[in-house]
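In: Quick check, what structure comes out for this input:
(one chain, ligands or ions: 1)
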Amino acid sequence: MNYIVLDLEWNQSRCKSNEIKEMPFEIIEIGAVKLNDEKKEIGRFHELIKPEVYLDLNHTIKNIVHINIEELNQGIPFLEAMEKFLEWCGWEEYTFCTWGPLDLVELQKNMKYYHMEPLSMTPIAFLDLQKLFSRQYEDNKTRRTLEYAVDFLHIQKEEPFHRAFWDAYYTAKVMAKLSDKTLDHVSFDVFHIPKEKEQEVYKVFYDYAKYISREFATKTAAMADREVISTRCYICNRNLQRQLKWFTSNGRNYYSISVCPVHGNMKGKIRLKKTKEDTYYVVKTLKFISEEEKKEILIKREKTSLHRKKNKKMYNQRKTISSMVVQNKNQIS
Ligand SMILES: [Zn+2]
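Out: Below is the predicted model:
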């Protein structure tokens, strides 16, 4: 399997009122490096794209990208560039690799705007190297700029940043420093959320498992689905009893604890996500945790129920007070 390390530069409207909602960012440059399964470079791609929607460069973009409109007008139309790019990607199976999750989203938005056939009708597995850099070298949460990672890893800087080809090139250099274990952690782009049960995503990593559900009309429907709330051990496939039932403190994130007799305490986390069409889907992760982490969840649960009780008490008190006020008023009148 090959890797397509991709970077895009895009332009946007100079004033918000002229922005096209379907395509707020128009791609103006595509750069990519192709790597084989040993992560050795086997190809390069670069194309400038002649703008068709935002014909002037936005000031911020102009300052960041170091490109002028005359140069861009020498480029080729997006459709032509994409055809060339996809042909260059080839027929062999490949995984997109990008610095952060945005490039794949904007690429698909631009493709949709030009009525191109979608890259996929289901979530696309890709490597988010910005996230993976944090996973290997930092706390898995911090997000660094590409230049920071390049400096951190003492990669030689040959050309300026924020030009598509060179950013893709540097991203590939960072990728070469990441271990196979780190690179095992694919992300999923959800530009297309699964519509059918068969399209749902299940992925088992060495240290956790991930599930992306299909779309549901309501939150309640999502949280009533058997697959959504199931807590099967992702190592031995046993259906586990939930020691702590799914609970939420904010209506978005749900937690549970189940116990596998062989593999121990398994934490479940459900994130309810709303789509642009006001439907819902679920990203569930299952992960084995220590006794210490289990305690933390139990405390969280305790706090949530105390908070609920307090709110209920306050609500009841307010109800009593307001009914007393009404009674008093009635007595006075
Ligand atoms: Zn198990």
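
In: Could you use CA atoms for every contact and neighbour count after this?
Out: OK.

In: List the buried residues for the helix or strand hosting residue 42?
Out: Under the criterion of DSSP states H and E, residue 42 resides in strand 41-48. Neighbour-count burial for strand 41-48, with 16 or more other Cα atoms under 10 Å as criterion, is recorded at 41, 44, 45, 46, 47, 48.

In: Stretch 209-223 too?
Out: For stretch 209-223, by 16+ other Cα under 10 Å, it's 209, 210, 211, 212, 213, 214, 215, 216, 219, 222, 223.

In: Quick check: mean pLDDT of that stretch?
Out: Model confidence over stretch 209-223, given as mean pLDDT, is 97.

In: and that stretch, how far apart are its ends?
Out: Across its full length, stretch 209-223 reaches 19 Å between end residues, using Cα to Cα, to the nearest Å.

In: Next: stretch 128-148.
Out: 16 Å.

In: How about stretch 175-185?
Out: The first residue of stretch 175-185 is 13 Å away from its last residue (Cα to Cα).

In: Repeat that for stretch 269-289.
Out: End-to-end distance of stretch 269-289 (Cα to Cα): 12 Å.

In: What residues of that stretch count as buried?
Out: In stretch 269-289, residues buried by neighbour count (16+ other Cα under 10 Å) are 269-272, 274, 280-289.

In: Run through who's touching it.
Out: Stretch 269-289 is touched from outside by 193, 207-219, 222, 228, 231, 234, 252-256, 263-268, with contacts defined as Cα atoms under 8 Å, 6 or more residues apart in numbering.

In: what about it, near the ion?
Out: No. Using Cα under 5 Å from the ion as the criterion, no contacts between stretch 269-289 and the ion are found, and the smallest distance is 9.6 Å.

In: now that stretch: how far from the chain's centre is it?
Out: For stretch 269-289, the distance between its averaged C-alpha position and the chain's averaged C-alpha position is 11 Å (Cα atoms, centre = their mean, to the nearest Å).

In: quick one on the thing from earlier: convert the C-alpha atoms of the helix or strand following the strand holding residue 42 to CSV, please.
Out: Counting by DSSP H and E, the element after strand 41-48 in chain order, helix or strand, is helix 59-65. Once non-C-alpha atoms are left out, helix 59-65 reads as follows in CSV (Å, rounded to 0.1, in the frame of the first residue of the first chain):
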residue,chain,number,x,y,z
HIS,A,59,-4.8,39.6,2.4
THR,A,60,-4.1,37.1,5.1
ILE,A,61,-3.6,34.3,2.5
LYS,A,62,-1.3,36.5,0.5
ASN,A,63,0.9,37.1,3.5
ILE,A,64,1.0,33.5,4.5
VAL,A,65,1.3,31.7,1.2
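
In: Show me what helix 59-65 packs onto, helices and strands only.
Out: The elements that helix 59-65 packs onto, with contact taken as 3 or more Cα pairs under 8 Å, 6 or more residues apart in numbering; DSSP states H and E, are strand 2-12.

In: in its sheet, what does the strand it packs on sit against?
Out: If you go by DSSP bridges, strand 2-12 pairs up with strand 25-35 (antiparallel), strand 94-98 (parallel).

In: Adding mean pLDDT, distance to residue 84 and mean neighbour count as columns, could you present those in CSV?
Out: Output for these, formatted as CSV (pLDDT from 0 to 100; distance: least, Cα to Cα, whole Å; neighbours: other Cα atoms under 10 Å):
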stretch, mean pLDDT, distance to residue 84, mean neighbour count
strand 25-35, 97, 11, 25
strand 94-98, 98, 16, 22
